[in-house]
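In: One predicted model, sequence on top.
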Amino acid sequence: MEHKPITNCHAHCFTLDHVPNEFAKTMVPFSSLFTVHWIKKYRVIRWLIKLLNKKWVIWILKRFNPNIEASVQRLLAFIRFLDDDSIPQTQQALIDRLRSYYPTDSRFVLLTMDMEFMDAGLPDKSFEKQLTDLEDIKKKPEYKDIIYPFVFADPRRPGVTTIVTEKLASGNFNGIKIYPALGYFPFDIRMKEIYEYALKHDLPITTHCIPGSVHFRGSKVDTFNGKTHHPIACKQPLWGENNYDFTQNFTHPLNFECLMNPTLLEKIWKEDTVNFENLKICIGHFGGEEQWVNYLNNTWLPDSTVINENDPLETKNPWFDNDPDHPKAFSWFSIICPMMRKYKNMYADISYMLSDERIMPLLKMLLTADEYSGISNRILFGTDYFLVEKAGSERELSIRLRSYLGEDLFNKIAKDNPEKFLNIK
C-alpha cells in the first residue's frame, strides 16, 4: 500500500513579534498591562498571564465576562515559548517544535496572519517581514515538501492583490488565508481579483469561521460608517454590544453563502458576471465546538414562524439568537454542512475543536453516515497549533483523535482529503 504522510491543514508559526502591541485591548481587564512590549520584557507579566489561566481564577473572571476564558488562553498561547530559553523566537523554531510532535515526513499548512489593520497598534516585525522570513524557510530543501504556507489577504492593505498574487506565483506559497473577524466581510469587493486568481489556478483558501478572541478592536460604528444592517441580507440587523460579539457578523458562515451564491453577490457588487461557486475554500474550525454542541443540545430546525424553516442557507432567516421574541437561528454546524453539499469545492477543518470529546461522535458520524457521504471527502485534519493547547499537548490531541476514529477514518481526513485540497500529486 502506498505510504502517505499526515497533513495538518491548520497551523501557525508567526511569533509574538508579528502580533500588534495592543493586542489585548478589549480582551482582558487592565489590558494596558498586557502590551506585547511588556509581555516580552517582563517575566512578571507572563507570570500574571499564567495565573489568569488558573481554573479558579477563570471561574471568578467568567462571572464578570463570559468570554474571558478564550482571551486569556490566547495570551497564554503567545507566551508559551518565551520563558523557554532553549527555543529561539523565530518562525523556524516554532515549525521545528510542531514537527517534533509528528512522524518525520508529516506536512503542515502554515497560515500567516496580518493583524496590522485590527486597530490594535503595530507589530515589531511587519507583515512583509513575516512573509519573507517564511519564504526563506520554504526555500530550504529540508522544508520544501514539508511546509505549505498560505499568504494572508486583508482587503484594507494597500496593494494586497499584487502582494498575494506575486507570492503565489513564486511557488513559495500554496494558498490564501482570510480572517474576516479582523474587520471585513469575506465578500468585500476589494478581494475580487484575488478570488479570481484563486479560481483560475485552483488554489485553496482557508477562512476563520468561529467566534474568538482574535478580532477587530476598533469602533464598530466607524467600521460601517454608522450602518446598522448587513449589506447583503439587508433585513438582518448587525448584532453585538461588544467587539467579541459584533465581529460574529463578519465570521458568520452565511457570509460565505453571500460570497458563493451569484444571485446574492450581484446585489451588492452590481455585477452579474461574477461567479465564485467553485472557489476552493475551507471553513476553518467548522464553525467551532460551541456551535457543534449547540446542534447536539437543541432542535436542528427553527420553529415554524421562520420565513423558510427548511432552508438553513436562507439569509432572510435570523442569524443570531439575540431576541427571545423571535425564532431561533440555525447552529453554524447546521449551516456549514448544507453549504458543503451545495458547493462541491467547499471544505472544512476541525482545528480548535479536538479538546472537546463531546463532538467526537458527531465527527465520526459525519465521516461514516450515508447522509453525509457528499461532504466526508472534504473534511480536513488540523489543530490550530500553536494557538490552542486547551487540553493536552499537540501530540496528545492528534493521537487521541486518531485512536477514536481508527486508522481508515483518520487517514481520510489527515492524508487523502488534504492531498485534494492542496493539489498534491
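Out: Great, that's in hand. Remember, it's a predicted structure, so these values are computed and weren't measured experimentally.
In: residue boundaries of the helices in the stretch 101-250 of the chain?
Out: Ranges of helices in the stretch 101-250 of the chain, per DSSP state H, counting those that start in this stretch, are 127-138, 160-169, 192-201, 220-223, 243-246, 248-251.
In: Tell me the helices and strands packed up against the second one.
Out: Under the contact criterion of 3 or more C-beta pairs under 8 Å, 6 or more residues apart in numbering; DSSP states H and E, helix 160-169 touches helix 127-138, strand 147-152, strand 175-178, helix 192-201. C-beta: built from backbone N, CA, C; applies to glycine.
In: Could you dump the helices of the stretch 101-250 of the chain into CSV with mean neighbour count and mean pLDDT added?
Out: Formatted as CSV, the helices of the stretch 101-250 of the chain follow (neighbours: other C-beta atoms under 10 Å; pLDDT from 0 to 100):
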stretch, mean neighbour count, mean pLDDT
helix 127-138, 18, 97
helix 160-169, 18, 98
helix 192-201, 17, 97
helix 220-223, 14, 70
helix 243-246, 20, 86
helix 248-251, 22, 93
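In: for those, which one sits closest to Arg74?
Out: Closest approach to Arg74 among these (C-beta to C-beta): helix 243-246, 11.7 Å.
In: Show me what the helix or strand in which Val72 is found is in contact with.
Out: Using DSSP states H and E, Val72 sits in helix 68-79. With contacts defined as C-beta atoms under 8 Å, 6 or more residues apart in numbering, helix 68-79 is touched by 16, 19, 23-24, 27-28, 34, 39, 46, 49-50, 52-53, 58, 61-62, 212-214, 386-390.
In: immediately after that helix, which helix or strand?
Out: With DSSP H and E setting the assignment, the helix or strand that follows helix 68-79 is helix 91-99.
In: which of the residues in that next one are buried?
Out: The neighbour-count check on helix 91-99 (16 or more other C-beta atoms under 10 Å) flags 91-95, 97-99 as buried.
In: Kindly check the end-to-end length of stretch 410-417 for me.
Out: From its first residue to its last, stretch 410-417 covers 10 Å (C-alpha to C-alpha, to the nearest Å).
In: do stretch 255-267 as well
Out: From its first residue to its last, stretch 255-267 covers 13 Å (C-alpha to C-alpha).
In: How about stretch 98-115?
Out: End to end - C-alpha to C-alpha - stretch 98-115 spans 22 Å.
In: what pLDDT, on average, does it get?
Out: In this model, stretch 98-115 has an average pLDDT of 95.
In: again, but for stretch 362-373
Out: Averaged over stretch 362-373, pLDDT sits at 92.
In: Repeat that for stretch 383-396.
Out: Stretch 383-396 carries an average pLDDT of 73.
In: Over to stretch 283-291?
Out: Averaged across stretch 283-291, pLDDT comes to 93.
In: cool, and stretch 320-335?
Out: 80.
In: cool, stretch 55-70 as well?
Out: The average pLDDT for stretch 55-70 rounds to 79.
In: Mind listing what's buried along that stretch?
Out: Neighbour-count burial for stretch 55-70, counted by 16+ other C-beta under 10 Å, picks out 61, 67-70.
In: related to what we said a few turns ago, can I get the helices and strands packed on helix 160-169 in CSV including distance to Val274?
Out: Shown next, in CSV, are those (distance: least, C-beta to C-beta, whole Å):
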stretch, distance to Val274
helix 127-138, 28
strand 147-152, 22
strand 175-178, 17
helix 192-201, 7
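In: Out of these, the one nearest Trp332 is which?
Out: Closest to Trp332 of the helices and strands packed on helix 160-169 is strand 175-178 (C-beta to C-beta; 17.0 Å).
In: for stretch 42-62, how far is the first residue from the last?
Out: Distance between the two ends of stretch 42-62: 26 Å, counting by C-alpha to C-alpha.
In: Hmm, I typed the wrong one, I wanted stretch 59-75.
Out: 17 Å.
In: and that stretch, how far from the chain's centre?
Out: The chain centroid and the centroid of stretch 59-75 are separated by 20 Å, computed with C-alpha atoms, centre = their mean, to the nearest Å.
In: Stretch 32-47 now?
Out: How far stretch 32-47 lies from its chain's middle: 26 Å, per C-alpha atoms, centre = their mean.
In: got the contact list for that stretch?
Out: With contact meaning C-beta under 8 Å, 6+ apart, stretch 32-47 is reached by 16, 19-24, 27-28, 48-49, 75, 78-79, 82-83, 123-124.
In: Now with 7 Å, please.
Out: With contact meaning C-beta atoms under 7 Å, 6 or more residues apart in numbering, stretch 32-47 is reached by 16, 19, 21-24, 28, 75, 79, 82-83.
In: Of these, which is the most crowded?
Out: Compared across the contacts of stretch 32-47, Ala24 has the highest neighbour count, 28 neighbours, by other C-beta atoms under 10 Å.
In: do you know how far that one is from Cys282?
Out: 29 Å (C-beta to C-beta, to the nearest Å).
In: Repeat that for Asn310.
Out: Separation of Asn310 from Cys282 (C-beta to C-beta): 27 Å.
In: Next: Asp136.
Out: Taking C-beta to C-beta, one finds Asp136 at 26 Å from Cys282.
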